[in-house]
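Chemist: I'll drop the sequence and a predicted model, then ask my questions.
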Amino acid sequence: MGHIIREKYRNLFEEKLLDEIIEVSTIKDFTEGERLMEIGEYIKKIPLLLSGAIKIIREDQKEGEIVLYYIEEGDTCAMTLTCCLGETKSQVRSIAEKDGSVILVPVSKMDDWLVRYKSWRNFVLTSYNNRMNELLVAVDSLAFMNMEERLCKLLQDKGKIYNSTFIHNTHQELADELNTSRVVISRILKTLENQGIIRLNRKHIELLQKT
């Protein structure tokens, strides 16, 4: 485990910090669709994503749920860090977008490392900044984009995460992420296909051009 962590973060963290991370952490493998964090849970571990991708979801009992942002390898979840610092329950759910593994660091190390390691402070602040920018994009999407534009953005985001032009989500899965109906998504996808932006296949959606 140690060599994997050192290889991934050697250009980001000091050697002494890497030694501590290796000493106190565990690595958890996860599979696509697995729920990694639930709304209302207290956070006991800080996640550092080694591989794969995780989507962070906000839920409303009346309005459904919406994806706030994705965490990719090398990232952590700013909302998790906030819960750790405030010792509060999670307000979001995290679900594996694709198979991967995550380093789990005990919450008790959070304050200590913020004081002792400049690289850890920079990592935490950069994570907050990146996630805040992504939240602003999510807000802009809801406030200013129509459903077609939001769907196009979601497809492009998934293409980036998988480094592929093939999207394997079903119409219903896309509808769930955008908090709309499958019928609406199917109609928009057909429109995008007629515009030459995508190609619909039985088991996947192919991106033909950037939107």
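Modeler: Thanks, I have it.

Chemist: Using the three-state scheme, assign the closest residue to E177 other than its chain neighbours.
Modeler: Nearest-residue entry for E177: V67, 4.9 Å, with adjacent residues in sequence omitted and distances by C-beta to C-beta, 6 or more residues apart in numbering. Heads up, the C-betas are built off the backbone N, CA and C, glycines and all. Using DSSP: H, G, I helix; E, B strand; the rest coil, the secondary structure recorded for V67 is strand.

Chemist: give the contact list for V67.
Modeler: By C-beta atoms under 8 Å, 6 or more residues apart in numbering, the contact list for V67 reads 55-57, 138, 154, 177.

Chemist: Just the residues you listed: which are in strands?
Modeler: For the contacts of V67, membership in strands holds for 55-57, with DSSP state E as the criterion.

Chemist: By average pLDDT, which secondary structure element in this protein comes out worst?
Modeler: helix 78-86 (a mean of 79; mean pLDDT, DSSP states H and E).

Chemist: Buried ones in that one, by neighbour count?
Modeler: When burial is assessed from 16 or more other C-beta atoms under 10 Å, helix 78-86 yields the following buried residues: 78-81, 83-84.

Chemist: Check stretch 91-109 too.
Modeler: Buried residues in stretch 91-109, counted by 16+ other C-beta under 10 Å: 92-98, 100, 102-103, 105, 107, 109.

Chemist: Please export the C-alpha coordinates of the least confident helix or strand of the chain as PDB.
Modeler: What follows is helix 78-86 as a C-alpha-only set of coordinates in PDB (Å, rounded to 0.1, in the frame of the first residue of the first chain):
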ATOM      1  CA  ALA A  78     -14.600  19.500   0.200                       C
ATOM      2  CA  MET A  79     -17.900  18.800   1.800                       C
ATOM      3  CA  THR A  80     -16.400  15.900   3.600                       C
ATOM      4  CA  LEU A  81     -13.600  18.100   4.900                       C
ATOM      5  CA  THR A  82     -16.200  20.600   6.100                       C
ATOM      6  CA  CYS A  83     -18.000  17.900   8.100                       C
ATOM      7  CA  CYS A  84     -14.700  16.700   9.600                       C
ATOM      8  CA  LEU A  85     -13.800  20.200  10.800                       C
ATOM      9  CA  GLY A  86     -17.300  21.000  12.100                       C
END
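
Chemist: and stretch 112-123, average pLDDT?
Modeler: Predicted confidence along stretch 112-123 averages 94 (mean pLDDT).

Chemist: what sits up against that stretch?
Modeler: The set of residues external to stretch 112-123 that reach it, using C-beta under 8 Å, 6+ apart, is 12-14, 16-17, 20, 76, 124.

Chemist: quick check, nearest of these to M37?
Modeler: Proximity of the contacts of stretch 112-123 to M37 was ranked by C-beta to C-beta; the top entry is T76 with 12.1 Å.

Chemist: part of a helix, is that closest one?
Modeler: No. Using three-state DSSP, the assignment for T76 is coil, not a helix.

Chemist: tell me the domain ranges of this structure?
Modeler: The record's domain parsing of the chain by the TED database lists 1-144, 147-207.

Chemist: need the least confident one among these, by mean pLDDT.
Modeler: Within the domains of the chain, confidence is poorest for domain 1-144, with a mean of 89 (mean pLDDT).
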